[in-house]
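> A predicted structure for the sequence below; I have some questions about it.
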Amino acid sequence: MNADRVFSGSVAEIYDRLLVPLIFEPYALDLADRISGTEPRRVLETAAGTGALTRALASRLPGSVTIVATDLNQPMLDRAVAQHGLDRSLTWRQTDALALPFEDRSFDVVACQFGVMFFPDKIQGYREAHRVLETGGHFLFNVWDRLSENEFADGITTALAAMFPSDPPRFLDRAPYGHGDPDAIREQLTAAGFSRCTIDAVDATSRAPSPRHAAVAYCHGTPLRNEIEARDASGLENATNRATDALASRFGDGPIEGRIRAFVIDAVR
């Protein structure tokens, strides 16, 4: 498995506890509302992570709607199951979104919350979503805009580049914030067989109780941690401090706010 796709150990817990409310929750609610508007009967979620979108879907869709939530990383699914806490049944399954173990035309919605950026073959991932959708079904997903439009992540990336000038950790720029090109997404979806798509830019605000909170979320709760520790096995705390100082310098020492921006895509089979 590519290191950018590994969310193991304590990463899953920190990701869910700190990063989900920091940047993912507003987009989970937005995507769940869009999905609810299609009045689905059978929903497949890929790259479900720790279940931010899953929980939003479960709270908005009627109990009669089947929801199957999948992810490649079992530790993320384990955390999602533990945090579920909703009075309805869900199916959780460890699954690679590029090789879905479902029959053709099994769902009327496929959803993916900030996961397609991690697909090593984007078109293959889109083809699999297309294959399992009914004719007229919707593939609804979101991706982050470029790093400069997501201020906390941008500040942390800049700080760590200064700490490791000869080999800067580029996980954030390369993976989560490296695939926000609407024209490229349209071309890939067309190549995968989708008949049409709409792409909306959605702005939101990321709020953290302190610069340290945001720095820990990114440095400890994502595979960025793997890159830091690969460069300096004992350097995670120093890197987190550097990131904290950079955010404090840019946004202040108390509660901080930063711009976040994503694209939401609705592709129709």
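Sure thing, it's come through. Only a predicted model underlies this, so the values are computations on that prediction, with no experimental measurement involved.
> need the helices for the stretch 101-250 of the chain, in chain order.
122-132, 151-163, 171-174, 182-191, 211-220, 224-231, 236-251 (DSSP state H, counting those that start in this stretch).
> now the stretch 51-200 of the chain, which segments are flagged as low pLDDT?
85-87 (pLDDT under 70).
> in it, which spans are strands?
66-71, 91-94, 107-113, 133-144, 196-208 (DSSP state E, counting those that start in this stretch).
> which helices and strands does the shortest one pack with?
Pointing back at strand 91-94 there. Under the contact criterion of 3 or more CB pairs under 8 Å, 6 or more residues apart in numbering; DSSP states H and E, strand 91-94 touches strand 66-71, helix 74-83. Using the backbone N, CA and C atoms, a C-beta is placed for each residue, glycine as well.
> Repeat the analysis, applying 10 Å as the threshold.
On a contact count with 3 or more CB pairs under 10 Å, 6 or more residues apart in numbering; DSSP states H and E, strand 91-94 meets strand 42-46, strand 66-71, helix 74-83.
> out of the ones you listed, nearest to Gly125?
Between Gly125 and the helices and strands packed on strand 91-94, the tightest spacing by CB to CB is seen for strand 42-46, at 7.8 Å.
> The closest one to strand 107-113, inter-axis angle?
30 degrees (axes from the mean of the first three to the mean of the last three CA atoms, to 10 degrees).
> What pairs with strand 42-46, parallel or antiparallel?
strand 66-71 (parallel), strand 107-113 (parallel) (DSSP bridges).
> coming back round to it: dump the helices of the stretch 101-250 of the chain to JSON lines, plus mean neighbour count and distance to Ile199.
Listed next are those as JSON lines, based on neighbours: other CB atoms under 10 Å; distance: least, CB to CB, whole Å:
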{"stretch": "helix 122-132", "mean neighbour count": "21", "distance to Ile199": "14"}
{"stretch": "helix 151-163", "mean neighbour count": "21", "distance to Ile199": "21"}
{"stretch": "helix 171-174", "mean neighbour count": "19", "distance to Ile199": "21"}
{"stretch": "helix 182-191", "mean neighbour count": "16", "distance to Ile199": "5"}
{"stretch": "helix 211-220", "mean neighbour count": "23", "distance to Ile199": "26"}
{"stretch": "helix 224-231", "mean neighbour count": "19", "distance to Ile199": "27"}
{"stretch": "helix 236-251", "mean neighbour count": "18", "distance to Ile199": "29"}
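> closest to Gly258 out of the ones you listed?
Closest to Gly258 of the helices of the stretch 101-250 of the chain is helix 151-163 (CB to CB; 3.6 Å).
> Lovely, talk soon.
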